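K.L.:
Sequence plus predicted model, see below.
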Amino acid sequence: MIAVIAGMGALPVELVARLRTRPLVCGLEGSLPDMLDPEITFRIEQFGSFLARLKAADVTKICLAGAVSRPNIDPSMIDAETLPLVPVIQAAIGSGDDGALRAIMQIIVQAGFEIVAAHEIAPDLLMPAGIVTQIQPGEIDKADAARGAVIVDAMSAVDIGQACAVRSGQAIAVETIFGTDHMLSQLTRRPDGQGGILFKAPKSGQDRRADLPTIGSKTVQAVADAGLSGIVLTAGGVIVLSREQVIAECDRLGLFLWLIDA
């Protein structure tokens, strides 16, 4: 049996919809899924007993899907099963996103579960290389894409994000813990019409079983509102939710969507 620890956003909903049999949907208090009703909710202070409960329910595989906010630990609520895990959990909460996920996944694996990536359950969430829109990137856009790849690679070293905005070879914004939408909301249109691009890719060396970068139709609208010309993603490395809708929205808004080889 598979359990989905569902966070916020549309990914958990699309993932559950693709499974023939509904998985056991679980949610962390403070980061509960937006459009799913979890059968189990848990606090981070009871993570050990939560995993024991999954084991008792014959769960063998766990999928982590959706955004999760960093929880605050209430020492008075830590139970006996979780107490041995506290040093690892505290270190995870205090580290970057990738480090935190690695630590949590280590706990899950050591408890005897297999971690299954969302794109392993639903391979169609990832797209192959190519330009899938009516609008095509220009030479400046291609140069900006190459620059974006270098920037995200450099960001990986300090674990701060998976996306950036590039205009005429210059980084005009980088993603932080506040996410892509917040980054895009800080941008303004250029009067000369040179928009720039959103570049999004996994971090270098990232464990791809969780937290792959994701876009959806909301991202497309945010890119248009920011005055950018298009979106560049790493093929096979970025989850695209509601693919046909995303492509249609790009065409409607006059944006290109280009998936490049890593």
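P.N.:
Looks like it arrived, so ask away.
K.L.:
Checking my notes, Ala92 in a strand, right?
P.N.:
No. Going by DSSP: H, G, I helix; E, B strand; the rest coil, the assignment for Ala92 is helix, not a strand.
K.L.:
How many residues are close by the closest residue to it other than its chain neighbours?
P.N.:
The shortest distance from Ala92 to any non-neighbouring residue, by CB to CB, 6 or more residues apart in numbering, is to Ala103 (3.6 Å). For glycine as for every other residue, the C-beta is placed from the backbone atoms N, C-alpha and C. By the criterion of other CB atoms under 10 Å, Ala103 has 20 neighbours.
K.L.:
Also the one 5 residues further on?
P.N.:
Residues near Ile108, counting by other CB under 10 Å, number 20.
K.L.:
same check, this time on Gln221
P.N.:
When neighbours are counted by other CB under 10 Å, Gln221 comes out with 16.
K.L.:
shouldn't Leu198 be in contact with Ala171?
P.N.:
No. Leu198 is not in contact with Ala171 according to CB atoms under 8 Å; the separation is 11.8 Å.
K.L.:
list residues touching both of the two?
P.N.:
Contact criterion CB atoms under 8 Å, 6 or more residues apart in numbering; residues shared by Leu198 and Ala171: Cys164, Ala165.
K.L.:
Tell me which residues of the strand or helix carrying Leu15 come out buried.
P.N.:
Element membership of Leu15 [criterion: DSSP states H and E] is helix 11-18. For helix 11-18, burial by neighbour count (16 or more other CB atoms under 10 Å) applies to Leu11, Pro12, Val13, Glu14, Leu15, Val16.
K.L.:
Ala100 versus the residue nearest to the second one when sequence neighbours are not counted, what's the distance?
P.N.:
Excluding its sequence neighbours, the residue lying closest to Pro12 (CB to CB, 6+ apart) is Ala6, at 3.6 Å. Taking CB to CB, to the nearest Å as the criterion, Ala6 is separated from Ala100 by 17 Å.
K.L.:
what do you get for Ile5?
P.N.:
Taking CB to CB, one finds Ile5 at 14 Å from Ala100.
K.L.:
Between those two, which is the more surrounded one?
P.N.:
The neighbour comparison of Ile5 against Ala100 (other CB under 10 Å) goes to Ile5, with 26 against 19.
K.L.:
Just the element for the more buried one, please.
P.N.:
Per DSSP H and E: strand 2-6 holds Ile5.
K.L.:
quick revisit: nearest to Val223, out of the buried residues of helix 11-18: which one, please.
P.N.:
Relative to Val223, the closest of those is Leu11; by CB to CB it sits at 18.8 Å.
K.L.:
Show the model's pLDDT score for that closest one.
P.N.:
pLDDT recorded at Leu11 is 93.
K.L.:
Cys63 is in contact with that one, correct?
P.N.:
No. Applying CB under 8 Å, one finds Leu11 not in contact with Cys63, separated by 10.1 Å.
K.L.:
if I look at these two, which residues touch both of them?
P.N.:
Ala118.
K.L.:
Now do the strands in the stretch 51-200 of the chain.
P.N.:
61-65, 114-115, 130-131, 163-167, 170-174, 197-200 (DSSP state E, counting those that start in this stretch).
K.L.:
Could you dump the ones you listed into a markdown table with mean neighbour count and distance to Arg20 added?
P.N.:
Below are the strands of the stretch 51-200 of the chain laid out as a markdown table (neighbours: other CB atoms under 10 Å; distance: least, CB to CB, whole Å):
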| stretch | mean neighbour count | distance to Arg20 |
| --- | --- | --- |
| strand 61-65 | 23 | 15 |
| strand 114-115 | 15 | 19 |
| strand 130-131 | 14 | 29 |
| strand 163-167 | 25 | 33 |
| strand 170-174 | 17 | 40 |
| strand 197-200 | 28 | 30 |
